[in-house]
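**Q** One predicted model, sequence on top.
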Amino acid sequence: MKHHLLPWLLLLLLLAACGGKPKPTLAPPIPTRAELPSLASTVSPTPKPTSTPESNRPPTATFTPTTTPSFTPAPSATPSPTPIPTHTPTPSPTPLPLGRVRSDANVRAGPGTNYPIVGFIPAGQAIALLAVDPSGQWYQVDVGDDGESWVAGKLIELPNPLVLPTAIDIPTPPPTPTPGDVVRLYESEVTIPTYPWQSFLTPSYDETTGWTFSHFDREAYQNAQPQPIPQTYRLINLENRWLRVNVLPDLGGRIYQLIYKPTGNNEFYQNPVIKPSPWGPPEMGTGWLAVGGMEWGLPVPEHGYAWGEPWGHITLPGESTQGVTVFDNHQDSVHLSVTLALAPDTSAMQLHFELENLGEQPIPVSFWLDAMLAPGPSNTVGPDLRFFFPIQQASVHSTGDPTLPPPGHVFDWPIYQGRDISRLGNWNQWLGFFAHPQAQADWAAVVDMASDEGVVRVFPSNMTPGLKGFGFGWSQPIPPEEYTDDGSAYVELQGGVTPTYDQRLTLYPGELYAWDEVWYPVVGLRGVSWADTLGAVHLVQKEDGPHLRLVTVRPMTGKLTITDTEGKTITTTVSLAPNAPADIPVPGFVAPMAFHLTGPQGEWELTGIR
């Protein structure tokens, strides 16, 4: 940290003084999928964990949202008529009623002037009428394969008599843009009842990692029968129109809250008390604090030594993107700095990690970030919470369930012996599991299906091949009183620089290992089939067939083309935003599917969606 952060800050101040827009390396713009692994070239000569070949990953994107398709079937020996999208009423075999445009008319993607213009019809042209909106002021018209098409009724000379169905599945209007969305960077405080755990610490030293840490005397703590007392902690906040996220420097520099403002929910678990648990590295005498949020576990497994230490922090104000860097205070061993950055008008937080050996000897390092999650409104988890991990197998780290394989053994994911292990409500006792043999894609997600709210992690699996999930169980869970006082619970989504806790990443003196990740809330998808830095998609089955749901981290509009493995194509105009997912019916489509979205804000493209 001392080698890299200070020059960066001086450069930032110099650019600001010169009137230039700073371009910090510690808080880059939201990286694309291709950019994420590129940091490997700036890193270490040390052999890196086995990576998933880049050629096997789907392409990255630039992206957009919402509604009804125009449907073009794949060519076949016997041509079939173009089906009408599910969003509109199915026409009868009789000819469609015709209207005539009175004057030049804009064609819009929905019934209102707040929808984007998708076409133009000159005065005097006849148009086929499909439906009328509930207000009776807008008419859906058939203009070929241009997707959802609406014209204001006052611009149409209507036939008499006219009988049309009322459109029910109205496209979601695009969100009203917030002019000049800005990111606020500010400090605040939070008061949390805290057990006096610090009174039972003594200094200790780990010769292997060169790390000084505190040993917790659990027996003396329990004999003292302690009670919590209110304690005030500092928070460093970043806030835009979509998110409020903050860090808590005094307890391991963790990210404390990830609040999604459209719902008002903190997607991270937030323990109402600070209470030492019976877990943590054995060398520490346990005592790990399940504070909540996202913590940094180093330099050993099982939460590491740094979770309860005060960390340093530096705020990084910018012209648009704001940031804060937290860093541990170990200057003669392995050293970690994490920069959290938030840009305007995005629901994604950017994380930049720098793991460096500041010592004089090679150090075998374990690093795992640990996000404690309780998505939705209740600050606890329910039976319908699901782990969406794009893997085929997992290995058991630990479990209390005798019906699951023992530690170290591999099982099929998500279905094992007829049981869907991805659903928390199907668990008996606790389970910790790793992706086997390592992460197979550059994303993972956890979604509470009851509230339809969750969190997506996008990461470079060639740099951080470790992917781990954990939960306390369901029918016979670990008692919550082991770590909290209100009966709440959470699950963990972890990522590491090695595939499991059993391996180490050796850093040589002066060596730096750096990578970027993007995390964001996701609402309204009912799950995740694929994700990248621009958004997430989910392929769902409904009574009328498959639907493709999409959501983006930024507002986007444009034309969306979806294709399936047999060559069938649907084209539709969409208007997407973090709080406005699209739901596109794709009747008769066969996975894997692909889509390409193009519009004023850029492009977004994904393949291999199942």
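**A** That came through fine.
**Q** distance of the residue nearest to residue 435 when sequence neighbours are not counted from residue 289?
**A** Excluding its sequence neighbours, the residue lying closest to residue 435 (Cβ to Cβ, 6 or more residues apart in numbering) is residue 467, at 3.9 Å. From N, CA and C alone the C-beta is placed, and that goes for glycine too. Using Cβ to Cβ, to the nearest Å, we find residue 467 at a distance of 24 Å from residue 289.
**Q** cool, residue 254 as well?
**A** On the measure of Cβ to Cβ, residue 254 and residue 289 end up 10 Å apart.
**Q** Quick check: neighbours shared by the two?
**A** Common neighbours of residue 254 and residue 289, counting by Cβ atoms under 8 Å, 6 or more residues apart in numbering, are residue 307.
**Q** Give me the residue at the spatial middle of this protein.
**A** residue 456 (2.1 Å; Cα atoms, centre = their mean).
**Q** Tell me the helices and strands packed up against the helix or strand containing it.
**A** Using DSSP states H and E, residue 456 sits within strand 453-458. When contacts are defined as 3 or more Cβ pairs under 8 Å, 6 or more residues apart in numbering; DSSP states H and E, strand 453-458 sits against strand 368-373, strand 443-448, strand 491-496, strand 512-523, strand 530-532.
**Q** Remind me what the longest one packs against, helices and strands.
**A** When you say that, I think you mean strand 512-523. strand 254-260, strand 349-357, strand 453-458.
**Q** Next: the second one.
**A** Contacting strand 443-448 under the criterion 3+ Cβ pairs under 8 Å, 6+ apart are the following elements: strand 385-388, strand 453-458, strand 491-496, strand 530-532.
**Q** who does that strand pair up with?
**A** If you go by DSSP bridges, strand 443-448 pairs up with strand 385-388 (antiparallel), strand 453-458 (antiparallel).
**Q** contacting residues for residue 276?
**A** Contacts of residue 276 (Cβ under 8 Å, 6+ apart): 195, 197, 216, 218, 221, 286, 287, 288, 289.
**Q** give me that answer again for 10 Å
**A** Contact analysis of residue 276 by Cβ atoms under 10 Å, 6 or more residues apart in numbering lists 195-198, 200, 216, 218, 221-222, 226, 285-290, 308, 482-483.
**Q** Narrow the residues you listed to those that are buried.
**A** Buried subset of the contacts of residue 276 (neighbour count, 16 or more other Cβ atoms under 10 Å): 195, 197, 200, 216, 218, 221, 226, 285-290, 308, 483.
**Q** next structured bit after the lowest-mean-pLDDT helix or strand in the chain?
**A** Here the helix or strand of the chain ranked lowest by mean pLDDT, DSSP states H and E is strand 69-72, holding a mean of 34. Remark: after strand 69-72, the chain's next helix or strand is strand 98-101, criterion DSSP H and E.
**Q** counting contacts, what elements does the next helix-or-strand element following that following strand pack onto?
**A** Per DSSP H and E, the first helix or strand lying C-terminal to strand 98-101 is strand 105-108. Packing partners of strand 105-108 (3 or more Cβ pairs under 10 Å, 6 or more residues apart in numbering; DSSP states H and E): strand 117-121, strand 138-142, strand 150-152.
**Q** For residue 100, which of the helices and strands packed on strand 443-448 is the nearest?
**A** Shortest separation from residue 100 across the helices and strands packed on strand 443-448 is recorded for strand 530-532, at 45.2 Å, computed as Cβ to Cβ.
**Q** Could you list every helix and strand in contact with that closest one?
**A** Against strand 530-532 (3+ Cβ pairs under 10 Å, 6+ apart) you get strand 443-448, strand 453-458, strand 512-523, strand 535-542, strand 602-609.
**Q** Return the list of strands paired to that strand, each annotated with direction.
**A** Applying DSSP bridges, one finds strand 530-532 paired with strand 535-542 (antiparallel).
**Q** so how far is the partner strand off the chain centroid?
**A** Computed by Cα atoms, centre = their mean, to the nearest Å, the chain-centroid distance of strand 535-542 equals 15 Å.
**Q** and the next element down the chain from it?
**A** strand 545-552.
**Q** Who are the packing partners of that following strand?
**A** strand 512-523, strand 535-542, strand 556-563, strand 569-576, strand 582-585, strand 593-599, strand 602-609.
**Q** Could you check the angle it makes with strand 453-458?
**A** 70 degrees (axes from the mean of the first three to the mean of the last three Cα atoms, to 10 degrees).
**Q** got the buried residues for strand 545-552?
**A** 546, 547, 548, 549, 550, 551, 552.
**Q** Quickly list what the fifth one is bridged to.
**A** So the one you mean is residue 550. residue 537, residue 582.
**Q** correct me, but it touches residue 596?
**A** No - with contact defined as Cβ atoms under 10 Å, residue 550 does not count as touching residue 596 (11.8 Å).
**Q** who touches both of these two?
**A** 560, 562, 604, 606.
**Q** now for those, which pair is the farthest apart?
**A** Across the shared contacts of residue 550 and residue 596 (Cβ to Cβ), the longest gap, 12.0 Å, separates 562 and 604.
**Q** quick one: which of those two has more around it?
**A** Legend: neighbour count by other Cβ atoms under 10 Å for residue 562 and residue 604, higher for residue 604 (26 against 22).
**Q** Looking at stretch 590-597 now, give me its mean pLDDT.
**A** For stretch 590-597, mean pLDDT rounds to 96.
**Q** just stretch 94-111 next, same as before
**A** On average, stretch 94-111 scores 87.
**Q** Let me see the contact set for the nearest residue to residue 433 once chain neighbours are set aside.
**A** Of all residues not flanking residue 433 in the chain, residue 394 sits nearest, at 4.4 Å (Cβ to Cβ, 6+ apart). Residue 394 makes contacts with 387, 405, 409-414, 416, 421-422, 431, 433-436, 467-469, as judged by Cβ under 10 Å, 6+ apart.
**Q** one more time with 7 Å
**A** Going by Cβ atoms under 7 Å, 6 or more residues apart in numbering, residue 394 touches 411, 413, 433, 434, 435, 436.
**Q** So what's the predicted local confidence for the fourth one?
**A** The per-residue pLDDT reported for residue 434 equals 98.
**Q** ditto for the first one
**A** If you check residue 411, the pLDDT there is 98.
**Q** coming back round to it: save the helices and strands packed on strand 545-552 as TSV, and put in distance to residue 323 too.
**A** Shown next, in TSV, are these (distance: least, Cβ to Cβ, whole Å):
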stretch	distance to residue 323
strand 512-523	13
strand 535-542	22
strand 556-563	24
strand 569-576	26
strand 582-585	31
strand 593-599	28
strand 602-609	23
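**Q** Out of these, flag the one nearest residue 165.
**A** Taking these one by one with Cβ to Cβ, strand 582-585 is closest: 17.2 Å.
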